[in-house]
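Undergrad: what's the 3D shape of this:
(chains A and B)
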Number of protein chains: 2
Amino acid sequence: MELFRQVPLYRFLALCNESGMERTVLDCGAGGDTPPLSLFVHYGYKTIGIEMNVEQFQKANRFAEMRGQNLNIQHGDMRSLSFSDESISFVYSYNSVFHMRKEDVKQSINEMKRVLKPNGVLFVNFLTVKDFRVGEGVDLGDNQYEQIEDNEPVIHSYYDYNEADAMFDDMKLIYKEDRVLERIYEGKKIRQGFIDYILKK
Amino acid sequence: MELFRQVPLYRFLALCNESGMERTVLDCGAGGDTPPLSLFVHYGYKTIGIEMNVEQFQKANRFAEMRGQNLNIQHGDMRSLSFSDESISFVYSYNSVFHMRKEDVKQSINEMKRVLKPNGVLFVNFLTVKDFRVGEGVDLGDNQYEQIEDNEPVIHSYYDYNEADAMFDDMKLIYKEDRVLERIYEGKKIRQGFIDYILKK
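TA: Numbers count the residues shown, from 1 in each chain, chains lettered A, B, ... in the order given. So this is what the prediction gives:
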């Protein structure tokens, strides 16, 4: 079976499997060239994805087509999900929410919590203030910046260690991991910072 | 396919697969109830493991037997490996080396580097001084402590962010990740600290 570079999702998937709940999963920000929903399909999940960016959306669909999978990725906006309250067992958003302003992040998290079934499990991660790009670009205040990525302006919101906790006050924390990683990207050593949350509704 | 809780090894495995080298892998500290060598077997690796603790050794073998796998785990000491110089493509030690004094850790790392083929890939991780148990137990100096685990005395050595770097001066850093995680363990929230290294010889 293919390995996925979105490594923290292996822990989330294992917890989803162990929960015994119906295997339905929603990915908010599901596009890109190696969509992790494909991993969930291998474990018998009915998948739904939403993606705002048309190019990323098409990349994910090409990936799935080549494997004869249907990931069911739709064009959509995670700030306003078109799914019923408490209708999906598992929801995740990997390396995605922080491409919005913090106000929009909060709205999106509220939407994810709304569609999650009781006892359902949520994975979401954030960029942290330990990231090497903090301070770069147009300062929008409160550690939010408009930065350039692949020649396009893109928003990055960075969080303090405890800053995102308040959004999950009504959930049970299963796992929180603060990660600072160094790796070589396009020939240069970079330092990235993430916080991953796994929570139960 | 079974999921393994030793999540950082998925990243290591993907890098091993991509390297194109002969699929031989050594696990130093290979015992326990869910031996990750089993994951490597699924990807066509010839595995070797060494384990000092007889109970952990037996647990791993029972796991493998139930799956009809032969992980080739032997009783041994990673401070003195019985393998030839430059004979194995991939070597890892997960959540294991820090159960020794730092002097012994260094000797073990030197052994892992010795048996690794040129261009081979190494994964090793360490406990960090951010761990909640730093300071607990008998102080052996230099952030080394004799602590109690399952009613047995056990050594834990804790490392600063850059402290282990010097052991890998002769290798190329591919990935370094400093992780602080919070989770519920036996009903209590605990905070653990790890640094993972992936290096190329």
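Undergrad: distance across stretch A:65-85, terminal residue to terminal residue?
TA: For stretch A:65-85, the first and last residues are 30 Å from each other (C-alpha to C-alpha, to the nearest Å).
Undergrad: what residues sit buried inside it?
TA: By neighbour count on 16 or more other C-beta atoms under 10 Å in any protein chain shown, the buried set for stretch A:65-85 is A:69, A:71-73, A:76-79, A:81, A:83. C-beta: built from backbone N, CA, C; applies to glycine.
Undergrad: also stretch A:123-132?
TA: Neighbour counts over stretch A:123-132 (16+ other C-beta under 10 Å) mark A:123-128, A:130-131 as buried.
Undergrad: related to what we said a few turns ago, let me know the closest of the buried residues of stretch A:65-85 to chain B.
TA: Nearest to chain B, judged by C-beta to the nearest C-beta, of the buried residues of stretch A:65-85 is A:Q69 at 16.3 Å.
Undergrad: contacts only, for the closest one.
TA: Neighbouring residues of A:Q69 by C-beta atoms under 8 Å, 6 or more residues apart in numbering or on different chains: A:38, A:41.
Undergrad: quick one: the helices in chain A?
TA: Per DSSP state H, chain A carries helices over the ranges A:8-19, A:37-42, A:54-66, A:102-115.
Undergrad: by contact count, what packs against the third one?
TA: Other helices and strands packing on helix A:54-66, by 3 or more C-beta pairs under 8 Å, 6 or more residues apart in numbering or on different chains; DSSP states H and E, are helix A:37-42, strand A:46-51, strand A:73-75.
Undergrad: put together TSV for those, with distance to chain B on each row.
TA: Output for those, formatted as TSV (distance: least, C-beta to the nearest C-beta, whole Å):
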stretch	distance to chain B
helix A:37-42	8
strand A:46-51	17
strand A:73-75	23
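Undergrad: reformat the ones you listed as JSON lines; add mean pLDDT and distance to B:K106.
TA: Formatted as JSON lines, the helices and strands packed on helix A:54-66 follow (pLDDT from 0 to 100; distance: least, C-beta to C-beta, whole Å):
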{"stretch": "helix A:37-42", "mean pLDDT": "97", "distance to B:K106": "38"}
{"stretch": "strand A:46-51", "mean pLDDT": "97", "distance to B:K106": "47"}
{"stretch": "strand A:73-75", "mean pLDDT": "93", "distance to B:K106": "49"}
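Undergrad: to B:Y45, which of these lies closest?
TA: For B:Y45, the closest of those is helix A:37-42, at 19.9 Å, according to C-beta to C-beta.
Undergrad: wait, doesn't A:Y197 sit right on A:V124?
TA: Yes - in this structure, A:Y197 is within contact of A:V124 by C-beta atoms under 8 Å, at 5.5 Å.
Undergrad: so what sits against both of those two?
TA: Shared contacts of A:Y197 and A:V124, defined by C-beta under 8 Å, 6+ apart, are absent.
Undergrad: roughly how far apart are A:L122 and B:S82?
TA: Using C-beta to C-beta, to the nearest Å, A:L122 is found at 47 Å from B:S82.
Undergrad: now do A:H75
TA: Taking C-beta to C-beta, one finds A:H75 at 58 Å from B:S82.
Undergrad: please apply the same query to A:D77.
TA: With distances taken as C-beta to C-beta, A:D77 is found 59 Å from B:S82.
Undergrad: ditto for A:E103
TA: A:E103 is 60 Å from B:S82, by C-beta to C-beta.
Undergrad: what do you get for A:S82?
TA: Here the criterion is C-beta to C-beta. By it, A:S82 lies 61 Å from B:S82.
Undergrad: I'd say A:I190 and A:E182 touch.
TA: Yes - if you go by C-beta under 8 Å, A:I190 and A:E182 touch, sitting 7.2 Å apart.
Undergrad: between the two, which has more neighbouring residues?
TA: Between A:I190 and A:E182, A:E182 has the larger neighbour count (other C-beta atoms under 10 Å in any protein chain shown), namely 17 against 13.
Undergrad: so how far is chain B from A:S96?
TA: For A:S96, the distance to chain B equals 20 Å [C-beta to the nearest C-beta, to the nearest Å].
Undergrad: which residues touch that residue?
TA: Going by C-beta under 8 Å, 6+ apart, A:S96 touches A:28-29, A:78.
Undergrad: and for A:L199?
TA: A:L199 touches A:121-122, A:168, A:171-174, counting by C-beta under 8 Å, 6+ apart.
Undergrad: now list the buried members of these.
TA: Taking 16+ other C-beta under 10 Å as the criterion, what is buried in these is A:121-122, A:168, A:171, A:173-174.
Undergrad: need those residues in JSON lines with pLDDT and distance to A:Y158, can you?
TA: Below are the buried ones among the contacts of A:L199 laid out as JSON lines (pLDDT from 0 to 100; distance: C-beta to C-beta, whole Å):
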{"residue": "A:V121", "pLDDT": "98", "distance to A:Y158": "25"}
{"residue": "A:L122", "pLDDT": "98", "distance to A:Y158": "21"}
{"residue": "A:F168", "pLDDT": "98", "distance to A:Y158": "18"}
{"residue": "A:M171", "pLDDT": "98", "distance to A:Y158": "22"}
{"residue": "A:L173", "pLDDT": "96", "distance to A:Y158": "21"}
{"residue": "A:I174", "pLDDT": "96", "distance to A:Y158": "24"}
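Undergrad: of the residues you listed, which belong to strands?
TA: If you go by DSSP state E, the buried ones among the contacts of A:L199 have A:121-122, A:173-174 in strands.
Undergrad: and those residues near chain B, which?
TA: Subset of those in contact with chain B: A:173-174, counting by C-beta under 8 Å from any C-beta of the partner chain.
Undergrad: between the ones in strands among the buried ones among the contacts of A:L199, which sits nearest B:N151?
TA: A:I174 (27.6 Å).
Undergrad: with adjacent residues omitted, what lies nearest to that closest one?
TA: For A:I174, ignoring the flanking residues on the chain, the nearest one in space by C-beta to C-beta, 6 or more residues apart in numbering or on different chains is A:I198 at 4.5 Å.
Undergrad: hmm, A:M171 and the one you found touching each other?
TA: No - between A:I198 and A:M171 there is no contact under C-beta under 8 Å: 9.9 Å.
Undergrad: who touches both of the two?
TA: Listed as contacting both A:I198 and A:M171 by C-beta under 8 Å, 6+ apart are A:L122.
Undergrad: great, nothing more from me.
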